[in-house]
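> the amino acid sequence is not available; the structure is as follows:
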């Protein structure tokens, strides 16, 4: 929390959160999608709304550059592709498989808008600036797909998903699912705020979203990471000799790309972002399929798996992954702490407690807490801001209390029991 607060205070919309903060020179202090996907919830829950709004405005102010980035790749009509790495809105990354293919980052910009409204209850930012970003991103997705007569669906070819141990794959499930959600969300904003977008264009977005190719293993609920994933030699990461870990420092890239091993949550990233879109049974089947093959060689990985394990009631795995994210640099799991500390992993530590063990999520404008207290813990507590209130959550052996410290009364749901506090 110290490092997160030291790294960003919302003083200037030209600033963002570097992956190493002020602790090391790797990544050069540039901005990544890590901010929107992992850091924004911390600032929403622990600071006044204007701090998180400054992070949203950082991307809005760079929308013109994002449109230029897309134009360089042949997109048109105001389609925007936000950079993977940037200081001023221009793409700074030098690897084509990231710059041109890891386009799921575009969706994180729109997810940030959703999260802002869920935490603050204030949709005026969407009307002022947010809708323009969502529309430009939707136009990118609409042009990035094409209709496949063979598949009978809209397909997206040549992408890299969050799992960067795969490049140039077709129909990455997470990217396609996120793109479809962005298209629907942008259309809903245009309808809500009567945006200056033709109805025919919104209808086309909805048609693409409904017809998006979403690979799934036949006869099961497993969403396939991408086309052809089942052709790999599937084996658990536990089968790797200790001398081969981390594989990105031992194996050739040729060997990594051919393997089944997953750097960080990919399909499971989608299950984390959209928890209400899937049943508990679907989450369980996908977790059991992908987590054993995940090597967690990204600071973005353990926290997502900790949160999902907590949702499944798997205490041992939730604690294991929590300790992995909390102690990532202390124990130097990935043998790279000399390059600086992982600010995103620190945000992930907070997320693991609040969203994982605390079970916090927003449903229909009501904060829900579905708590877990690990056997090795006696208690834990946290505070968060929510729609003009400050809530204090205490989880102990003898029960759970949620206390309103500031603001007007509101409804909360604690382990399935909805009440007013």
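All right, it came through fine. Note that the structure is predicted; figures quoted are calculated from it, not measured. Numbering: from 1, shown residues only.

> what domains does the record give for this protein?
What the record gives for the chain is the domain set 62-291, 361-421, from automatic domain parsing.

> most packed of those?
domain 62-291 (a mean of 18; mean count of other C-beta atoms under 10 Å). To be clear about C-beta, it is placed using only N, CA and C from the backbone, and glycine gets the same treatment.

> so which residues of the stretch 301-421 of the chain form strands?
360-363, 366-369, 379-386, 389-396, 399-406, 411-414, 417-420 (DSSP state E, counting those that start in this stretch).

> out of these, which is closest to residue 246?
strand 379-386 (30.2 Å; C-beta to C-beta).

> okay, now the sheet partners of the closest one, with direction.
Its sheet considered, strand 379-386 pairs with strand 389-396 (antiparallel) by DSSP bridges.

> tell me the contacts of the nearest residue to residue 304 once chain neighbours are set aside?
Distance criterion C-beta to C-beta, 6 or more residues apart in numbering; nearest residue to residue 304, sequence neighbours excluded, is residue 265 at 4.2 Å. Residues in contact with residue 265 (C-beta atoms under 8 Å, 6 or more residues apart in numbering) are 162-163, 272, 290, 294, 300-301, 304-305.

> circling back to that earlier point, closest to residue 50 out of the strands of the stretch 301-421 of the chain?
Nearest to residue 50, of all the strands of the stretch 301-421 of the chain, is strand 379-386, at 11.8 Å by C-beta to C-beta.

> neighbouring contacts of that closest one?
So strand 379-386 is contacted by 44-49, 119, 353-354, 357-358, 360, 367, 373, 390-397, 405, 410 (C-beta under 8 Å, 6+ apart).

> helices and strands of the chain: which one bottoms out on pLDDT?
helix 96-99 (a mean of 85; mean pLDDT, DSSP states H and E).

> contacts for that one, please.
By C-beta under 8 Å, 6+ apart, the residues outside helix 96-99 that reach it are 83-84, 91, 93, 160, 164, 167-168.

> if you set the cut-off to 10 Å instead, what comes out?
69, 73, 81, 83-85, 91-93, 105, 158-160, 164, 166-168, 257 (C-beta atoms under 10 Å, 6 or more residues apart in numbering).

> so how far is stretch 79-91 from its chain's centroid?
18 Å (C-alpha atoms, centre = their mean, to the nearest Å).

> could you do stretch 170-178 as well?
When distances are taken as C-alpha atoms, centre = their mean, stretch 170-178 is centred 14 Å away from the chain's centroid.

> same thing with stretch 389-405?
27 Å.

> output the longest helix belonging to the protein.
What stands out as the longest helix in the chain, according to DSSP state H, is helix 173-193.

> what is the helix or strand that it is followed by packed up against?
Next in sequence after helix 173-193, counting helices and strands by DSSP states H and E, comes helix 199-210. Identification of packing neighbours for helix 199-210 by 3 or more C-beta pairs under 10 Å, 6 or more residues apart in numbering; DSSP states H and E yields helix 131-144, strand 146-148, strand 153-155, helix 173-193.

> the same query, at a cut-off of 7 Å, please.
helix 131-144, helix 173-193 (3 or more C-beta pairs under 7 Å, 6 or more residues apart in numbering; DSSP states H and E).

> quick one: average pLDDT of the shortest one?
Per-residue confidence for helix 131-144 averages out to 98 on the pLDDT scale.

> contacting residues for residue 159?
The neighbourhood of residue 159, defined by C-beta atoms under 7 Å, 6 or more residues apart in numbering, consists of 101, 103, 169, 172, 175.

> surely the third one and residue 226 touch.
What it means is residue 169. Yes. With contact defined as C-beta atoms under 7 Å, residue 169 reaches residue 226; the gap is 3.9 Å.

> hmm, back to that, just say helix, strand or coil for the residue nearest to residue 304.
coil (DSSP: H, G, I helix; E, B strand; the rest coil).
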